[in-house]
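Engineer: what follows is a predicted structure for the sequence shown.
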There are 2 protein chains.
Amino acid sequence: MKIYLAGPEVFLDDATEISRRKVEACARHGFHGLSPMDGGVDVNAPEASRLIFEKNVEMMRASDAIIANLTPFRGVSADPGTVFELGFCFALGKAVMGYSGHPENLVARTRRALGHDAAHSGVLSDGLHVEDFDLPDNLMMAEAINAAGWSMILPDAPVADPWRDLTLFEAALKALKFSTAIPRAARQGDGNG
Amino acid sequence: MKIYLAGPEVFLDDATEISRRKVEACARHGFHGLSPMDGGVDVNAPEASRLIFEKNVEMMRASDAIIANLTPFRGVSADPGTVFELGFCFALGKAVMGYSGHPENLVARTRRALGHDAAHSGVLSDGLHVEDFDLPDNLMMAEAINAAGWSMILPDAPVADPWRDLTLFEAALKALKFSTAIPRAARQGDGNG
């Protein structure tokens, strides 16, 4: 069974090393990890962004599942590249799983970041509401994972280095391994997909 | 031809009115707009988030295209619910189109919001890089729209009220209408899809 490894840790200086550790963790659980770092595209090449996009799409199509690092990134919510990939994989019927290094739900996080509009209860300082469903992020992401028979995996306290700490990633691998939502043949794959 | 209308303006107090104006604009161009506001789910119902998710997924499956408001929302990038929907529709081969009320590219916007790590050139204050491709947002979103034969529609200057101003939305409708990427039969639809 092949798992696409999504998350903004591809933007770290040591992204290659993190990717290698994730692929190794997959192998320990009998999975084959497909990392965006393995696309082999030179980011300085002409049309690099198109080539990276095409490689990622190709890897997602070849995958049976996605594990997404949905830790809030440069705002109240997850990295949008990762979220696009979660939506892409969900549409194609892949097993979708995700984790976040932050335990708080979206409404608490957003209210703390933005503050209320004092003149208008329920509306935040940017003039819009926040959906109030006790979910860890926007409902499209959280409910996609729920629909797959899981919940987004969350820690008890904020993870100090959510881009390098693979504890929650390993928990996601275990959930995939023992899930009844995945066909038995795929779960018992030999790591070559 | 049916168009799914995606964007965080569903979180406005006057979301129903904005939705109505968008559906009307679709009709003027011979399209049938499907709005998440038309799902009819009571947000206070038990399991409302699951029901909204299922309605949105159903509407997207029924659509031929998506027009997404990808204006930065509560962070440097677009609303993640909208981005999930863009990825979902792209995976299913729908025509994907988007616009943003902010003209600046992702790298400039992110560098301004976060600042550099002085000790480490190229890395921002949160310890990660930002992809530098002169694209308006994360490459997965921007290149999905490019792959459909378009570019994300951008203004010359920041739009004052990007959740209510439908100028760019209308430009997206015109691009869809005259695009050769869409089968002629669908383009000449009578507005009933």
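Structural biologist: All right, it came through fine. Residues are numbered from 1 along each chain as shown, chains lettered A, B, ... in the order given.

Engineer: which SSE is the residue positioned nearest the centre of chain A in?
Structural biologist: In chain A, the residue lying closest to the centroid (Cα atoms, centre = their mean) is A:Ala68, at 1.6 Å. When elements are assigned from DSSP states H and E, A:Ala68 belongs to strand A:65-69.

Engineer: for A:Glu17, same thing?
Structural biologist: helix A:15-28.

Engineer: cool, and A:Val96?
Structural biologist: Going by DSSP H and E, A:Val96 is in strand A:95-99.

Engineer: what residues does the next helix or strand after that strand touch?
Structural biologist: Next in sequence after strand A:95-99, counting helices and strands by DSSP H and E, comes helix A:106-114. Around helix A:106-114, the neighbours that count as contacts under Cβ atoms under 8 Å, 6 or more residues apart in numbering or on different chains are A:72, A:76-77, A:102, A:124-126, A:130-138, B:74. Bear in mind the C-beta positions are built from the backbone N, C-alpha and C, glycine included.

Engineer: go again with 7 Å.
Structural biologist: Residues outside helix A:106-114 that contact it (Cβ atoms under 7 Å, 6 or more residues apart in numbering or on different chains) are A:72, A:76, A:124-126, A:130, A:132, A:135-138, B:74.

Engineer: what do you get for stretch A:24-37?
Structural biologist: So stretch A:24-37 is contacted by A:1-5, A:10, A:15-16, A:19, A:22-23, A:56, A:59, A:62-63, A:166, A:169-170, A:173, A:177, A:189-193 (Cβ under 7 Å, 6+ apart).

Engineer: part of a helix, is A:Arg164?
Structural biologist: No. Applying DSSP: H, G, I helix; E, B strand; the rest coil, one finds A:Arg164 to be coil, outside a helix.

Engineer: rewinding a little: C-alpha coordinates for the strand holding A:Ala68, CSV please?
Structural biologist: C-alpha atoms of strand A:65-69 as CSV (Å, rounded to 0.1, in the frame of the first residue of the first chain):
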residue,chain,number,x,y,z
ALA,A,65,-3.7,6.8,0.9
ILE,A,66,-2.6,10.2,2.1
ILE,A,67,-1.3,11.2,5.5
ALA,A,68,-1.3,15.0,5.8
ASN,A,69,0.4,17.2,8.4
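
Engineer: just checking, what packs against that strand?
Structural biologist: Counting contacts by 3 or more Cβ pairs under 7 Å, 6 or more residues apart in numbering or on different chains; DSSP states H and E, strand A:65-69 is packed against strand A:2-6, helix A:80-91, strand A:95-99, helix A:167-178.

Engineer: partner strands of that strand and their direction?
Structural biologist: In the sheet, strand A:65-69 lines up against strand A:2-6 (parallel), strand A:95-99 (parallel) (DSSP bridges).

Engineer: could you dump these to JSON lines with distance to B:Val96 and mean neighbour count?
Structural biologist: Shown next, in JSON lines, are the strands paired with strand A:65-69 (distance: least, Cβ to Cβ, whole Å; neighbours: other Cβ atoms under 10 Å in any protein chain shown):
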{"stretch": "strand A:2-6", "distance to B:Val96": "19", "mean neighbour count": "26"}
{"stretch": "strand A:95-99", "distance to B:Val96": "19", "mean neighbour count": "27"}
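
Engineer: can you list those strands in a markdown table and add distance to A:Asp38 and mean pLDDT?
Structural biologist: What follows is the strands paired with strand A:65-69, written out as a markdown table (distance: least, Cβ to Cβ, whole Å; pLDDT from 0 to 100):
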| stretch | distance to A:Asp38 | mean pLDDT |
| --- | --- | --- |
| strand A:2-6 | 9 | 98 |
| strand A:95-99 | 20 | 97 |
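
Engineer: residues near A:Ala62, how many?
Structural biologist: Residues within reach of A:Ala62, counting by other Cβ atoms under 10 Å in any protein chain shown, total 12.

Engineer: could I get the contacting residues of it?
Structural biologist: Applying Cβ under 7 Å, 6+ apart to A:Ala62 gives the contacts A:2, A:34.

Engineer: quickly note the distance from A:His32 to A:Leu173.
Structural biologist: Between A:His32 and A:Leu173 the computed distance is 12 Å (Cβ to Cβ, to the nearest Å).

Engineer: look through chain A and state the residue closest to chain B.
Structural biologist: Across chain A, the shortest distance to chain B (Cβ to the nearest Cβ) belongs to A:Gly75, at 1.4 Å.

Engineer: isn't that residue right up against B:Pro72?
Structural biologist: No. Counting by Cβ atoms under 7 Å, A:Gly75 stays clear of B:Pro72, with 8.2 Å between them.

Engineer: comparing these two, which shows the higher neighbour count?
Structural biologist: The neighbour comparison of A:Gly75 against B:Pro72 (other Cβ under 10 Å) goes to B:Pro72, with 24 against 21.

Engineer: next up, the contacts around the more buried one.
Structural biologist: B:78, B:102, B:109.

Engineer: and it, what are its bridge partners?
Structural biologist: On the basis of DSSP bridges, B:Pro72 is bridged to B:Ala78.

Engineer: could you say which helix or strand holds the residue of chain A positioned farthest from its centre?
Structural biologist: Ranking residues of chain A by C-alpha distance from their mean position (Cα atoms, centre = their mean) puts A:Ala119 at the top, at 36.6 Å. Secondary structure from DSSP H and E places A:Ala119 outside every helix and strand.

Engineer: okay, now the unreliable bits of chain A?
Structural biologist: A:180-193 (pLDDT under 70).

Engineer: could you rerun that using 90?
Structural biologist: A:39-40, A:43-44, A:46, A:115-122, A:148-149, A:177-193 (pLDDT under 90).

Engineer: so A:Gly101 makes contact with A:Phe73?
Structural biologist: No. Assessed by Cβ under 7 Å, A:Gly101 is found out of contact with A:Phe73, at 10.1 Å.

Engineer: compare neighbour counts for those two and give me the winner.
Structural biologist: Shown here are A:Gly101 and A:Phe73; by other Cβ under 10 Å, A:Phe73 has more neighbours (27 against 21).

Engineer: ok, the more buried one - contacts?
Structural biologist: Counted by Cβ under 7 Å, 6+ apart, A:Phe73 has contacts A:8, A:79.
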